[in-house]
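Student: Sharing a model prediction with you, sequence too.
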Amino acid sequence: MANNQEDNKASKSTCEQPQKTCPERSREKRCLIRRILRWIGLTLLTILLVLSLIFQAPWKIIALLAIIFLACTILPKQLRKWFWLSAAAVIIVLIIWVFLPKDDEGWRPYTFDEELAALEAKYTIPDEENAALIYDGLFKTMDGDPNEPEFFLRSRPSSKDEPWLSKDHSKTAEWLKGKQSTIEKLFQAAKKDKCHFPIPADPWSLAQHMERSTKMRRCTWLLLSAANNHIGEGRIDAGLEKYLYIIRMAEHLYQQPVMIDFLVAIEIERSALEQLNRFVIENKPNEEQLELIGNTIKGLKNNWKSDLSKILDIEKLQTKNILCKSAYQVNPQGKVRLSRDPLAETREHLEEKLKGGEIQDPEHEATLQKLLYPTYWQKKMLKAKTISKWFFMPSTPEELSVMIDNSYDRYYAMAEPDFDWQKKPKEYPITYLFSFWVLHNYRQLIERMADIAEPVYYSFHEMYFRNLSLRRGSQLLSVLRQYKNKTSHWPENLEEAKAFAPAGIFFDPINGGSFIYKPN
């Protein structure tokens, strides 16, 4: 009996477990939730760290994620609270900094002024030799002409397309008489061998450059119209002189280290050559006139390697200035900081345009007013963004400059004679730039910008050599006319005309072989 009672007591004591109180169960539940949240946080942090390494995020972002990861895993528990308190203190200091008064006195957008000065010094010529000063003086007086006759440009064909008679277009002939002072100034410029316009190193000067290019084209059309009128009415020497002055205008633009100028020069030269080709075929130029035409065209000297290299030097500088002006500021003492307001310079230029009455559209004006005068909170938000920029932007403009230099190496390789032009680059849409990882990684942004721009240089290469082919074809046409003048008939094939010109003139740079010729 005694043993049974003892066994019952033992069994009872084993079955009866002490009941947990509510506070204990609640504490265990909180601990479990904390562990789950901790592991979720560590997992997300690990994923972010891995993605940052895969997408080659800036080292500052990788370092920040690594520090947080180590603080959550390796740092002893007793020190973790001090780590998070320090992080909180830094955040509080940054918030206070955002709301401190504005400190923009003496600061301006950062630009690579020394590089620009070196390039300007490379191309600068004395004022008395510089045709650009004559052009600029002329362009200041050129505005839209409400009396411009329809036959000048708007009709098809127009006065610039083929020879014409004053009796058929009396209004145009009378209008051209009023443009003699402009034509005389163009003659003065064309008599100078050298020309250098200021280098456009930022978007705003580039806009002025585009405006000048437009006026240069209009001057070309003016000379073409006058020359075609001379040729149509038998004033051959006067017309030929104007055609050749147009070629001199193209030569002046070829001297500029800017792609826009080069493209406009190609357009201007093509316009003159088309009319000269018509003149050589349809009229009967004498030996002196043919020699003058040949020597003028021969004077246009282009070299792909040097032409592309000088254009790339300017475009690289423009890229540096565009990116750095919105990213950094510099003060008179040379101290550099991240920009507090990337749109500050844009606002200044737009404000000038509004005050000058250049923007007349009320809807656009209302939109610009909002941009020009941000609210208090918008200003603070711009300043707060400077903190995030510190993580993903290069620390100095010089670091960004090196990245851009490296991205342009692929373009400079195109200037070499052994470059493979058959291997066409892939074309990317502009949206190729707009992703979170790209916009927050300047190295990738610059590389993708280079990817998008690469096909442009392939197109430029094609236009460049197509123009050389047209130029050489015009020289060859003069040779064929010389043959006809001597023999009274056009040659049956190019072999017959080879005695009248050097062999190189018969080579077509487009197809890599001889020109194709068929008398018609």
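Tutor: Sure thing, it's come through. Numbers count the residues shown, from 1 in each chain.

Student: Can you name every helix or strand that the helix or strand harbouring residue 458 contacts?
Tutor: Residue 458 belongs to helix 442-487 when assigned by DSSP states H and E. The contact analysis (3 or more CB pairs under 8 Å, 6 or more residues apart in numbering; DSSP states H and E) places helix 442-487 against helix 259-282, helix 287-298, helix 304-327, helix 397-407, helix 409-412, helix 436-439, helix 494-497, strand 507-508. Backbone N, C-alpha and C define where each C-beta goes, glycine included.

Student: quick one, it and helix 304-327 angle?
Tutor: Relative orientation of helix 442-487 versus helix 304-327 (axes from the mean of the first three to the mean of the last three CA atoms, to 10 degrees): 150 degrees.

Student: neighbours of the residue nearest to residue 480 when sequence neighbours are not counted, just the number please.
Tutor: Distances taken as CB to CB, 6 or more residues apart in numbering place residue 497 nearest to residue 480, at 5.6 Å, with adjacent residues excluded. As a burial measure, residue 497 scores 22 neighbours (other CB atoms under 10 Å).

Student: ok, residue 497 touching residue 478?
Tutor: No - with contact defined as CB atoms under 8 Å, residue 497 does not count as touching residue 478 (10.5 Å).

Student: Between the two, which contacts overlap?
Tutor: Shared contacts of residue 497 and residue 478, defined by CB atoms under 8 Å, 6 or more residues apart in numbering, are absent.

Student: Please, which helix or strand holds residue 217?
Tutor: Using DSSP H and E, the element containing residue 217 is helix 203-232.

Student: Next, count neighbours for residue 468.
Tutor: Neighbours of residue 468 (other CB under 10 Å): 17.

Student: Run through the residues that contact it.
Tutor: 302, 509.

Student: Quick check: it vs residue 245, distance?
Tutor: 21 Å (CB to CB, to the nearest Å).

Student: now swap in residue 204 and tell me
Tutor: Counting by CB to CB, the gap from residue 204 to residue 245 is 32 Å.

Student: neighbour-wise, which of the two wins?
Tutor: Per other CB under 10 Å, whichever of residue 204 and residue 245 has more neighbours is residue 245, with 21 against 15.

Student: Test my guess that that one contacts residue 186.
Tutor: Yes - counting by CB under 8 Å, residue 245 touches residue 186, with 6.5 Å between them.

Student: which stretches of the stretch 51-200 of the chain form strands?
Tutor: When assigned using DSSP state E, counting those that start in this stretch, the strands of the stretch 51-200 of the chain occupy the ranges 108-109.

Student: Helices of that one, start to end?
Tutor: For the stretch 51-200 of the chain, the helices defined by DSSP state H, counting those that start in this stretch cover 59-73, 77-98, 113-123, 131-139, 150-153, 170-177, 180-190.

Student: Which among those helices is found nearest to residue 105?
Tutor: Proximity to residue 105 (CB to CB) singles out helix 77-98 among the helices of the stretch 51-200 of the chain, at 17.1 Å.

Student: Correct me if wrong: residue 426 contacts residue 451.
Tutor: Yes - the criterion here is CB under 8 Å, and residue 426 meets it with residue 451 at 7.5 Å.

Student: Which of these two has more residues huddled nearby?
Tutor: The neighbour count for residue 426 versus residue 451, taken as other CB under 10 Å, is higher for residue 451 (17 against 8).

Student: The helices and strands packed on helix 442-487: which one's closest to residue 346?
Tutor: Taking these one by one with CB to CB, helix 304-327 is closest: 8.7 Å.

Student: Just the CA atoms of that closest one, as PDB, please.
Tutor: This file holds the C-alpha atoms of helix 304-327, laid out as PDB (Å, rounded to 0.1, in the frame of the first residue of the first chain):
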ATOM      1  CA  TRP A 304      39.000  61.900 -90.900                       C
ATOM      2  CA  LYS A 305      41.300  61.200 -88.000                       C
ATOM      3  CA  SER A 306      42.000  64.900 -87.100                       C
ATOM      4  CA  ASP A 307      38.500  66.100 -87.800                       C
ATOM      5  CA  LEU A 308      36.900  63.400 -85.600                       C
ATOM      6  CA  SER A 309      39.500  63.900 -82.800                       C
ATOM      7  CA  LYS A 310      38.900  67.600 -82.600                       C
ATOM      8  CA  ILE A 311      35.200  67.200 -82.500                       C
ATOM      9  CA  LEU A 312      35.400  64.500 -79.800                       C
ATOM     10  CA  ASP A 313      37.600  66.800 -77.700                       C
ATOM     11  CA  ILE A 314      34.800  69.400 -77.600                       C
ATOM     12  CA  GLU A 315      32.000  66.900 -77.100                       C
ATOM     13  CA  LYS A 316      33.800  65.300 -74.300                       C
ATOM     14  CA  LEU A 317      34.200  68.700 -72.600                       C
ATOM     15  CA  GLN A 318      30.500  69.500 -73.200                       C
ATOM     16  CA  THR A 319      29.500  66.200 -71.500                       C
ATOM     17  CA  LYS A 320      31.700  67.000 -68.500                       C
ATOM     18  CA  ASN A 321      30.300  70.400 -68.100                       C
ATOM     19  CA  ILE A 322      26.700  69.300 -68.500                       C
ATOM     20  CA  LEU A 323      27.000  66.600 -65.800                       C
ATOM     21  CA  CYS A 324      29.200  68.600 -63.500                       C
ATOM     22  CA  LYS A 325      27.200  71.800 -63.600                       C
ATOM     23  CA  SER A 326      24.200  70.000 -62.200                       C
ATOM     24  CA  ALA A 327      26.200  68.000 -59.700                       C
END
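
Student: Provide the strand pairings for the next helix or strand after it, with the direction of each partner.
Tutor: Downstream of helix 304-327, the first helix or strand assigned by DSSP H and E is strand 328-330. Here strand 328-330 is paired, per DSSP bridges, with strand 108-109 (antiparallel), strand 336-338 (antiparallel).

Student: average pLDDT across strand 328-330?
Tutor: For strand 328-330, mean pLDDT is 92.

Student: what do you get for stretch 274-281?
Tutor: Averaging pLDDT along stretch 274-281 gives 94.

Student: List the contacts of that stretch.
Tutor: Residues outside stretch 274-281 that contact it (CB under 8 Å, 6+ apart) are 162-163, 224, 227-228, 231, 239-240, 243, 285, 290, 293, 473-474, 477-478, 481.

Student: List only those of those flagged as buried.
Tutor: The neighbour count (16 or more other CB atoms under 10 Å) marks 163, 224, 227-228, 231, 239-240, 243, 285, 290, 293, 473-474, 477-478, 481 as buried among the contacts of stretch 274-281.

Student: So which of those residues is the closest to residue 195?
Tutor: Checking the buried ones among the contacts of stretch 274-281 against residue 195 with CB to CB, the nearest one is residue 243 at 18.9 Å.

Student: Just the pLDDT for the closest one.
Tutor: 96.

Student: In which helix or strand does it reside?
Tutor: Assigning secondary structure by DSSP H and E places residue 243 in helix 236-254.

Student: For that helix, buried residues please.
Tutor: The neighbour-count check on helix 236-254 (16+ other CB under 10 Å) flags 236, 239-254 as buried.

Student: Give the other helices and strands that it contacts.
Tutor: helix 131-139, helix 180-190, helix 203-232, helix 259-282, helix 287-298.

Student: Ok, which of these comes nearest residue 332?
Tutor: helix 203-232 (21.4 Å).
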